[in-house]
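Enquirer: no letters, just coordinates:
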C-alpha cells in the first residue's frame, strides 16, 4: 500500500506539470518577466504562455549569467534583447528593463536533436514537454547522471520534477551514504518538498536516537511538523 507521501508528492507534481500539456507550435511565443531575487547573482525569471485556453508559467531564480546579453547596470528604462540557451532549445527575449525589473516577449526555438538524444537515454520527449525541459534546464548531462543512479520508475516527468524541486545527484549520493541505497523518484521529490534533508536525518539519529527510520517515516514526521 502506498503511504501518504505518495499522494502528496503526486498532487504537487500534477500541479507543476499541468501547464506542460498545452499544444505547442514549432516556435512557441509568450511573455517573460524579471524581478529581483533574494539570491545574489540571480534574478526571478518567469516565462508565461497562454494558448487555446491553457495557461503555462515557469518561474524560478535564474543565474544572471544565463541571460546572455542582458545588461542590468544601465540606468533608467531601456529596451533589452537577450537569449537563454539550453540543451533543449533557445529562448530569444526582447522587451524593456528598468531598475531591476523588466518584461517583454519571448520566442522559444526547440533544438531538433534534443528529443532523439534524450530518447537514446530512455526518455521520451514530445513537443509538449520540450519547453518545460528548457525552462527547467533538464540538460543531457543531468539526464545521464540521473540515469546512472538506476532509479526505478524514472521518466521524463520525474526528470522535470527533479529540476523543479532540487533533486540532484549529490542529494541522492548523500542519502546513499546514510544507508538509503534505493530511493524511489517519488520519495526523492517528496523529501525535497517537505525538507527531509540529510542534515535532518542525521539530527534525528544523533539527537533523538532514531537510527532506523525509513524514508516514508521521515517524510511523515516532516509533514506533521515533528523536528
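Expert: That came through fine. Here the structure is a predicted model, which means the values were calculated and not measured.

Enquirer: tell me the centre residue of the protein?
Expert: residue 164 (2.2 Å; C-alpha atoms, centre = their mean).

Enquirer: just checking, which helix or strand succeeds the helix or strand where that one lies along the chain?
Expert: Residue 164 belongs to helix 156-165 when elements are defined using DSSP states H and E. The first helix or strand that comes after helix 156-165 along the chain, using DSSP H and E, is helix 169-177.

Enquirer: chain center to that following helix, what's the gap?
Expert: From the chain centre to the centre of helix 169-177 is a distance of 18 Å (C-alpha atoms, centre = their mean, to the nearest Å).

Enquirer: report the distance from the helix holding residue 164 to the chain centre.
Expert: Per C-alpha atoms, centre = their mean, the centroid offset for helix 156-165 relative to its chain is 6 Å.

Enquirer: hang on, the earlier thing: isn't the residue nearest to the centre of the chain up against residue 137?
Expert: No - look at residue 164 against residue 137 with C-beta atoms under 8 Å: they stay out of range, at 10.5 Å. From N, CA and C alone the C-beta is placed, and that goes for glycine too.

Enquirer: could I get the average pLDDT for the helix holding residue 164?
Expert: Computed over helix 156-165, the mean pLDDT rounds to 96.

Enquirer: packing partners of it?
Expert: helix 4-17, helix 127-135, helix 140-147, helix 185-194 (3 or more C-beta pairs under 8 Å, 6 or more residues apart in numbering; DSSP states H and E).

Enquirer: quick one: which of those helices has the weakest pLDDT on average?
Expert: helix 4-17 (a mean of 48).

Enquirer: quick check: next helix or strand after that helix?
Expert: Going down the chain from helix 4-17, the next helix or strand is strand 28-36, by DSSP H and E.

Enquirer: okay, now the sheet partners of that next one, with direction.
Expert: strand 42-51 (antiparallel), strand 101-110 (antiparallel) (DSSP bridges).

Enquirer: if anything else comes up later, I'll come back, but that's it for now.
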